[in-house]
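A.B. asks: Got a sequence here, can you build the structure:
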Amino acid sequence: AMTTPNHHNQPLFGGAIQCNLPSNCSFDLSDVRPVPDHQEVFVTDVSGSTSTNMLVFEILERQAQVPDDQAAEYFFKDLRGLNDPSVPKEDGGVSMLQRCRSVNGSWDMSFLLSRFVASMDGFKNDGVGNETRAYGCIGQHRVRMSPSSLFAFVKVELCVLRLKHVHTDFLITLSQPMPQEEYLRMQQGQQQQQQQCRSGDVSCEVSYDALSESFKSILESFVILDWNLFG
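C.D. replies: Okay, here's the model as predicted:
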């Protein structure tokens with residue numbers, strides 16, 4: 001598999017999946033603390049600081065009730081516990097989604113998963129390959145480690161692969177801390193854009209350039225080698 005100097009090829013879930021990890025997110029968290037079996041988590045460093053990048057791969061039971069075009073938004077809110085009424089919303093649960101080729105906040109990312117799509121050719125004949133879709137979004141979270149600590153601002157890039165034939169939603173999320181100024185600038189830019197959208201002044205699309213090179217590289221190199229992983 002192709003790797004660039006600042007990425008390395010990483011087997012996931014016992015080698016059933018492979019992809020390139022960015023060098024700034026290559027420490028396996030399970031080396032220092034327990035990680036659930038359905039997750040693989042990589043961080044910049046294992047000191048537990050809020051300034052670490054975090055990359056999570058997660059095998060989830062398929063949420064069949066969630067339409068494809070709302071899947072990314074659904075899982076983004078789920079990260080925040082926004083779908084769970086029992087989780088306290090200490091900042092009003094406000095998260096902003098950058099909407100990109102937006103159908104209700106999710107956009108099609110299938111074409112970025114070039115290696116995965118190529119590997120799925122064998123599925124095409126029985127119609128299964130055509131059912132695999134990938135959707136994504138970019139958003140920001142405002143997080144607090146404890147009630148007394150300051151808010152940290154995090155940019156989240158998310159992609160969900162809807163693997164219908166194995167009843168799975170496979171989630172890839174990359175979270176990177178961002179300075180408060182950048183967070184507020186994005187917030188302002190989005191409010192402006194929404195107003196212009198409503199008045200029809202501007203197209204409501206954010207370009208794919210909004211994705212970080214790290215996230216693009218993860219998606220482009222992602223491949224499932226052993227489908228038995230999904231039972």
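
A.B. asks: Give the burial count for Ala64, as a bare number.
C.D. replies: For Ala64, the count of nearby residues is 10 (other C-beta atoms under 10 Å). To be clear about C-beta, it is placed using only N, CA and C from the backbone, and glycine gets the same treatment.

A.B. asks: So what touches stretch 8-23?
C.D. replies: By C-beta atoms under 8 Å, 6 or more residues apart in numbering, the surrounding residues in contact with stretch 8-23 are 1-4, 6-7, 26, 40, 42, 53, 55, 57, 59, 214, 217-218, 220-229.

A.B. asks: Those, buried ones only, as a PyMOL selection?
C.D. replies: Selection of buried members from the contacts of stretch 8-23 for PyMOL, criterion 16 or more other C-beta atoms under 10 Å:
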select buried, resi 7+26+40+42+53+55+57+59+214+217+218+220+221+222+223+224+229
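
A.B. asks: In helices, which of the contacts of stretch 8-23 appear?
C.D. replies: Ser214, Ser217, Ile218, Glu220, Ser221 (DSSP state H).

A.B. asks: The nearest residue to the last one once chain neighbours are set aside pairs with what?
C.D. replies: The spatial neighbour of Ser221 that comes closest, neighbours along the chain excluded (C-beta to C-beta, 6 or more residues apart in numbering), is Asn20 at 3.9 Å. Residues in a beta bridge with Asn20, per DSSP bridges, are Asn9.

A.B. asks: Go ahead and list the helix or strand containing Ala134.
C.D. replies: Applying DSSP states H and E as the criterion places Ala134 in strand 133-143.

A.B. asks: Same question for that strand: list its buried residues.
C.D. replies: Buried residues in strand 133-143 (16+ other C-beta under 10 Å): Arg133, Ala134, Tyr135, Gly136, Cys137, Ile138, Gly139, Gln140, His141, Arg142, Val143.

A.B. asks: Output the contacting helices and strands for it.
C.D. replies: For strand 133-143, the contact count by 3 or more C-beta pairs under 8 Å, 6 or more residues apart in numbering; DSSP states H and E identifies helix 71-79, strand 96-98, strand 107-108, strand 152-163, helix 180-198 as packing neighbours.

A.B. asks: now, which of the buried residues of strand 133-143 sits nearest Glu73?
C.D. replies: Glu73 lies nearest to Cys137 out of the buried residues of strand 133-143, by C-beta to C-beta, at 6.0 Å.

A.B. asks: Kindly state the beta-bridge partners for that closest one.
C.D. replies: Leu158.

A.B. asks: isn't it right next to Lys77, touching?
C.D. replies: No - Cys137 is not in contact with Lys77 according to C-beta atoms under 8 Å; the separation is 10.2 Å.
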